[in-house]
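J.: quick one, structure for this:
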Amino acid sequence: MRLRQIALVGADLDALRADIEAVLGLGPAYADRGVEKYGLRNQVWPIGDTFLEVVSPTKPGTTAGRLIDKRGGDGGYMAIFQTLDLASARARIAAEGVRVVDQSDRDGASFTHLHPKDLRGAIVSVDAMVPPERWEWGGPDWKANARTDVAVEIRGCAVQTEDPNAVSTRWADALGHPREPMAGGWRIPVDGGELRFVPLGDDRGEGLTTFDVAVRDPAAVLAAATARGCIGADGQVLLCGTRVRLVQA
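T.: Numbering: from 1, shown residues only. Model (predicted):
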């Protein structure tokens with residue numbers, strides 16, 4: 001099970017695109033028309049062979065729009081995992097009693113969206129691609145659009161929750177990866193990175209609060225974020241209402 005894509009939700013997609021590309025040095029983004037059925041538009045950037053997405057509501061009443069209202073602004077939205085054994089993953093999810101809210105299998109690209117009330121903190125999707133290096137949601141030209149001079153890959157994320165013990169247990173069981181204790185919470189190691197579950201740190205409620213990006217020069221990224229006003233009160237890089245934890249590549 002590999003964390004292949006992080007999705008954020010924001011109100012002003014054009015402004016967010018400019019900030020993200022400037023701070024993380026990313027190349028051209030892909031607009032996935034498939035999200036239109038959810039009342040959204042989006043941009044998807046390759047970071048190495050992992051992906052960062054921002055979705056933005058185009059009409060009232062969307063799940064994404066309600067999340068913006070509930071959490072008081074832009075923030076984390078989805079964690080998308082890739083598996084090499086989709087049948088076993090879906091069987092385990094069903095055995096754990098996790099509800100599926102949307103599912104598709106077409107032309108070698110499959111996804112399984114899980115109910116956020118069953119795996120609290122974010123919408124989780126378990127996907128599979130044929131061949132495995134493909135990533136349908138990044139578009140047909142994602143390899144040509146990848147830029148790694150600044151950012152190399154996404155390596156993890158953090159979810160804040162009222163009950164890190166219970167929520168991390170639920171994610172671990174559904175994903176089939178054991179969890180382990182860490183200072184202040186729990187972590188689940190996954191292929192290429194980790195998921196962290198921590199207590200609520202602000203008044204925004206449960207949600208995906210941080211994603212980890214391996215970068216070549218953290219100081220340079222921090223300077224670029226400062227120049228664009230993309231720094232949070234804690235001094236960390238802040239993009240689309242979500243902290244960016246800079247990891248030395």
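J.: next one: the worst-scoring helix or strand of the chain on mean pLDDT to chain centre, how far?
T.: Least confident element among the helices and strands of the chain, by mean pLDDT, DSSP states H and E: helix 63-71 (a mean of 92). Between the centre of helix 63-71 and the centre of its host chain there is 16 Å, according to CA atoms, centre = their mean, to the nearest Å.
J.: angle of the helix or strand just after that helix against helix 63-71?
T.: As assigned by DSSP states H and E, the chain's next helix or strand after helix 63-71 is strand 75-82. Between strand 75-82 and helix 63-71, the angle comes out at 130 degrees (axes from the mean of the first three to the mean of the last three CA atoms, to 10 degrees).
J.: what packs against strand 75-82?
T.: Counting contacts by 3 or more CB pairs under 8 Å, 6 or more residues apart in numbering; DSSP states H and E, strand 75-82 packs against strand 2-9, strand 50-57, helix 63-71, strand 123-129, strand 151-161, strand 207-215. Just so you know, the C-beta spots here come from the backbone N, C-alpha and C atoms, and that holds for glycine as well.
J.: what's the angle between that strand and strand 207-215?
T.: 60 degrees.
J.: next, the buried residues of the least confident helix or strand of the chain.
T.: Along helix 63-71, these residues count as buried under the neighbour rule (16 or more other CB atoms under 10 Å): 63-65, 67-68, 71.
J.: from the contact counts, what lies against it?
T.: Other elements packing on helix 63-71 under the criterion 3+ CB pairs under 8 Å, 6+ apart are strand 2-9, strand 50-57, strand 75-82.
J.: as TSV, those with mean pLDDT, distance to residue 221 and mean neighbour count would be great.
T.: Listed next are those as TSV, based on pLDDT from 0 to 100; distance: least, CB to CB, whole Å; neighbours: other CB atoms under 10 Å:
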stretch	mean pLDDT	distance to residue 221	mean neighbour count
strand 2-9	98	16	25
strand 50-57	97	14	25
strand 75-82	97	19	23
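J.: so which of those strands gets nearest residue 20?
T.: Judged by CB to CB, the one of the helices and strands packed on helix 63-71 that comes nearest to residue 20 is strand 50-57, at 7.0 Å.
J.: so what's the gap between the closest one and the chain middle?
T.: Computed by CA atoms, centre = their mean, the chain-centroid distance of strand 50-57 equals 8 Å.
J.: just so I know, which of the helices and strands packed on helix 63-71 lies nearest residue 140?
T.: strand 50-57 (13.7 Å).
J.: for that closest one, output the C-alpha coordinates as CSV.
T.: Only the C-alpha atoms of strand 50-57 are listed here, as CSV (Å, rounded to 0.1, in the frame of the first residue of the first chain):
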residue,chain,number,x,y,z
THR,A,50,3.7,11.0,-6.5
PHE,A,51,0.9,13.6,-6.9
LEU,A,52,-0.5,16.7,-5.3
GLU,A,53,-4.1,17.7,-6.2
VAL,A,54,-6.2,20.7,-5.3
VAL,A,55,-10.0,20.5,-5.8
SER,A,56,-12.3,23.5,-5.8
PRO,A,57,-16.1,23.5,-5.8
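J.: which neighbouring elements make contact with it?
T.: Strand 50-57 sits against strand 2-9, helix 13-24, strand 40-47, helix 63-71, strand 75-82, strand 151-161, with contacts defined as 3+ CB pairs under 8 Å, 6+ apart.
J.: what pairs with it, parallel or antiparallel?
T.: Using DSSP bridges, strand 50-57 pairs in its sheet with strand 2-9 (parallel), strand 40-47 (antiparallel).
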